[in-house]
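[1] coords below, sequence missing:
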Ligand code: FES
Ligand code: FES
């Protein structure tokens, strides 16, 4: 089959509707006689609920019900199922949909008000009086394992949820034999996802009361169905989950939340549709967050700047519960040692509970943590040796002839972390060319004349993408010749429908505009996973390719049998079956063939043909596809104000075969901006009592158009051997190295001052402080014995 | 609840008479009472810009305005940008061309603000466009393509609305 559309910048099939305001997001669903709700949430970070008085709320006109846990039966009170159990998780704590006695974070749901409309629901929620007995609070994960630390959960022995380790080689010997080593403390603050549409759930009982339809603004409708069925002890077949248009996901919308249990329970009780839509304040309080990790790490190297080993200890803030088990902290270990070949690695990571909203993957999941740690260390070694930051990377890259390359790490299923393909040096070289790296000194000098400090920095990365085991797609030619493709993968704006339409269009010789793609309805396809980890183009794309090819083969087989020729003699062009040789026209088109296989009463199907011009495929995805690349950032710092302007940004990215450059670039741009937000702006601030001090967009800064540089993107394509498209994921690679690249540039800008930054976000105050404290670059001290003679560079 | 107030306004060229509570937000009035769900609510505190509509030709946050304040006004929402026949406005068309939207949730507000800008000054420079776009939060696109789309329209034919 010729690829006419795959690989081309096909405009999105999703757009016309969305541009006209005809999208249908959760809050737009027209639910007959639907009720609206407001949750009553804990206002303290830790305490016991002594009494709840909901009488005034219940008495308010327009209120149908105020439900406490005790009102909704045992499934409102028991802990929710763990999405990803793990043997190292020693305290697998999940929350009950509604808190019964103990609350462990501000924002934890305690009661639900159901009313005629949201105004009344909120009025009533404010009338629910809760009497608490406060308990001691832990908010600083770095102190959570101190013997004197407050306990995040009453009666627990300690705050440790798990200790994860990752090691290969003999780190102690590697450090002992190294020329020198550098130690560093690295910290990354909590940030949020901030999809512009908050979360939302609506539920409608089936007319017979036996089943329920749930709409959720989720990334993983099949997981919601499975976990909800498990929690309610229902057959999955009684639950239908649909994700309508979803206004951004970024990770937290792949979590199974209390609201996804409470809303259906309320709907079942009231026998009416019930909806809850998260407001922005709730998003700050009750949607999972990410990016608090603190590390003490050390890297050993030789005098040529060859990295030999990394060792260290980290702590990961799980928040109050672990709905996702230890998936997030685990995924911050797999990406070590990044694109570099190391002899040894020895890491241990304590996952601890705190009295804040749980953490979950957010764009990049654990990979941005790992990248920030690795790239800071690489920069430190470069600085210690006065080596160029690009050169040190080049010296340490896994060379292109070493793929597939097993890093020495293992995934949670025990398989070896193996990079399938890549050309790290090509990405670096292309990024440097586009960034005009060689001429940077001129630009620095020009900036200095304006009183500004200009710096350039870079970060390289790998990303395991396209996780298995599968995602389903079914492709059906309708009797009118249009094509309907159904996928289990939910979309939050990535453009899945367009990719699938491109694939179907090539296979069936039609225009992508003739393909309608629907997704994320658990009744439409038996099995599915979800949208996370940059996997849909790989997993659903492969299934679409197989399904469309099967449909094409069936169409040609049917045409051949009708025409009494060999199917090899036929092909499809513009939806018509044509002969490859002789007179082209056969008088057959896809519509006719589809109508024939759709059946006519009393008329048998052609011999040997099953009904329907359709096929369903679940392409198995056995191994990850390794995306990689290098980002180069250029910044200007105003030493008087500490303001940082990102003046240029280059991405050289390898996501295998580019299926649609328009969409891939869009994913990268969005990802980079998220990473710039992490580097310079985004931080959830909590006071010591666990009150979130960031609860609106005046107190939590997101990157805006005014702060964004022009971002230049180059594609290097090393196809993945593991899927028929040769594709690799592209959704997160933009975010993963962005903070590291930017902060590298910031340090470079203040090189004269000897400033060091080992945390993010970096605020203007931090910049000023770094300038004022100005640390001198230290000498390289050869290490005589293990742990001795460390070259110590304190972090920010 | 509090008493209802009668209001009369024009929405996308159509006359609307309604009775609303004084506290009813214009955004909720449009979405719930008029079923114009293209106006989105992203923050409810005036920062994200998702709820932006034109009131008497000027972009405003419909989450910061009460429905009663729109009495006597002419309101245009995202549903009013495309032609009667469903044809996209040039700005909408360029958004599609440049891939200036992903999830599409912020998009109606951005389109309205840029329409307001292009109506007022048909060929804005990049700095002006960037300034207008910076009144919106988009978590998906990184903004770059929106700015390119607006530039592509600039100088040609304003927003295409009469
Ligand atoms: S919803 Fe109105 S500005 Fe955000
Ligand atoms: S397109 Fe998703 S928030 Fe802008």
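    Cool, the structure landed. As the structure is a computational prediction, the values presented were derived from the model and not from experiment. Ligands and ions are numbered 1, 2, ... in the order given.
[2] contacts for stretch A:717-726?
    Applying C-beta atoms under 8 Å, 6 or more residues apart in numbering or on different chains, the contact partners of stretch A:717-726 are A:6, A:400, A:420-423, A:466, A:537-539, A:541-542, A:545-546, A:619, A:621-626, A:654-659, A:727-728. Bear in mind the C-beta positions are built from the backbone N, C-alpha and C, glycine included.
[3] Buried subset of the residues you listed, written for ChimeraX?
    Selection of the buried residues among the contacts of stretch A:717-726 in ChimeraX, burial being defined by 16 or more other C-beta atoms under 10 Å in any protein chain shown:
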select /A:6,420,421,422,423,466,537,538,539,541,542,545,546,619,621,623,624,625,626,654,655,656,657,658,659,727,728
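[4] taking the contacts of stretch A:717-726 one by one, which sit in strands?
    Among the contacts of stretch A:717-726, the residues falling in strands (DSSP state E) are A:625-626, A:654.
[5] Could I get those residues in a markdown table, plus columns for pLDDT?
    Output for those, formatted as a markdown table (pLDDT from 0 to 100):
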| residue | pLDDT |
| --- | --- |
| A:625 | 91 |
| A:626 | 93 |
| A:654 | 96 |
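[6] What is the nearest of those residues to residue A:14?
    residue A:625 (24.3 Å; C-beta to C-beta).
[7] so that closest one makes contact with residue A:468?
    No: Residue A:625 is beyond contact range of residue A:468, at 10.4 Å (criterion: C-beta atoms under 8 Å).
[8] Check the offset of the longest helix along chain B from the chain's centre.
    The longest helix of chain B (DSSP state H) is helix B:107-120. Here the centre of helix B:107-120 is set off from its chain's centre by 6 Å, with C-alpha atoms, centre = their mean, to the nearest Å.
[9] Extract the residue ranges of the chain that are flagged as low pLDDT.
    Because you didn't say which chain, this covers chain A. Residue ranges of chain A with pLDDT under 70: A:1, A:774-796.
[10] wait, I meant chain B there
    For chain B, the ranges with pLDDT under 70 are B:1, B:155-162.
[11] which residues of it fall in strands?
    Going by DSSP E, chain B shows strands at B:5-11, B:14-20, B:52-55, B:58-61, B:74-76.
[12] of all these, which lies closest to ligand 2?
    strand B:52-55 (12.8 Å; C-beta to the nearest ligand atom).
[13] Direction included, what does the helix or strand containing residue A:300 pair against?
    Element membership of residue A:300, judged by DSSP states H and E, is strand A:293-301. With DSSP bridges as the test, strand A:293-301 is paired with strand A:180-188 (antiparallel), strand A:307-319 (antiparallel).
[14] Indicate whether stretch B:118-125 makes contact with chain A.
    No: if you take C-beta under 8 Å from any C-beta of the partner chain as the test, stretch B:118-125 misses chain A, and the best it gets is 13.3 Å.
[15] returning to that earlier point: pull out the buried residues from the longest helix of chain B.
    For helix B:107-120, by 16+ other C-beta under 10 Å, it's B:107-119.
[16] do the same with stretch A:148-155
    Within stretch A:148-155, the residues scored as buried using 16+ other C-beta under 10 Å are A:149-153.
[17] now it: how far from the chain's centre is it?
    Centroid separation between stretch A:148-155 and its chain, computed with C-alpha atoms, centre = their mean, is 31 Å.
[18] contacting residues around it?
    A:46, A:48, A:91, A:93, A:102, A:104, A:135-138, A:143-144, A:158-159, A:320, A:353-355.
[19] Filter those residues down to the buried ones and hand me the ChimeraX line.
    To isolate the buried ones among the contacts of stretch A:148-155 in ChimeraX, judged by 16+ other C-beta under 10 Å, type:
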select /A:46,91,93,102,104,135,137,138,144,158,159,320,353,354,355
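[20] can you tell me which of the contacts of stretch A:148-155 are in strands?
    Judged by DSSP E, the contacts of stretch A:148-155 include A:48, A:102, A:353 as members of strands.
[21] Looking at these, spot the one nearest ligand 2.
    Of all these, residue A:353 has the smallest distance to ligand 2: 32.2 Å, by C-beta to the nearest ligand atom.
[22] The closest residue to residue A:93 other than its chain neighbours - how many residues pack around it?
    Excluding the flanking residues, the one nearest residue A:93 by C-beta to C-beta, 6 or more residues apart in numbering or on different chains is residue A:321, at 5.2 Å. When neighbours are counted by other C-beta atoms under 10 Å in any protein chain shown, residue A:321 registers 27.
[23] ditto for the one 5 residues further on
    The burial count assigned to residue A:326 is 26, neighbours taken as other C-beta under 10 Å.
[24] pretty sure it contacts residue A:85?
    No: contact criterion C-beta under 8 Å: residue A:326 and residue A:85 do not qualify, at 9.4 Å.
[25] near ligand 1, which residues of chain B show up?
    Within chain B, the residues that sit near ligand 1 (C-beta under 6 Å from any ligand atom) are B:41-44, B:46-51, B:61, B:63.
[26] related to what we said a few turns ago, can the ones in strands among the contacts of stretch A:717-726 go into a markdown table with extra columns for distance to ligand 2?
    Converted to a markdown table, the ones in strands among the contacts of stretch A:717-726 look like this (distance: C-beta to the nearest ligand atom, whole Å):
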| residue | distance to ligand 2 |
| --- | --- |
| A:625 | 25 |
| A:626 | 27 |
| A:654 | 25 |
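[27] what residues are up against the closest residue to chain A within chain B?
    Closest to chain A within chain B is residue B:38: 1.9 Å, counting by C-beta to the nearest C-beta. Counting by C-beta under 8 Å, 6+ apart, residue B:38 makes contact with A:20-23, B:77-79, B:108.
[28] and which of these is nearest ligand 1?
    Taking C-beta to the nearest ligand atom as the measure, residue B:108 is the one of these closest to ligand 1, at 11.0 Å.
[29] Ramachandran angles for residue A:269?
    Per-residue torsions, residue A:269: phi -70, psi -40 (degrees, to the nearest 10).
[30] which residue sits closest to it in space, ignoring its chain neighbours?
    Nearest non-adjacent residue to residue A:269, counting by C-beta to C-beta, 6+ apart: residue A:72, 6.9 Å away.
[31] Could you check how far the one you found is from chain B?
    Look at residue A:72 and chain B: by C-beta to the nearest C-beta, to the nearest Å, they are 27 Å apart.
[32] where does that residue fall, phi/psi-wise?
    The phi and psi torsions at residue A:72 (degrees, to the nearest 10) take the values phi -110, psi 10.
[33] what about it, how many neighbours?
    The tally of other residues near residue A:72 (other C-beta under 10 Å) stands at 21.
[34] Was I right to think it contacts residue A:268?
    No: counting by C-beta under 8 Å, residue A:72 stays clear of residue A:268, with 9.0 Å between them.
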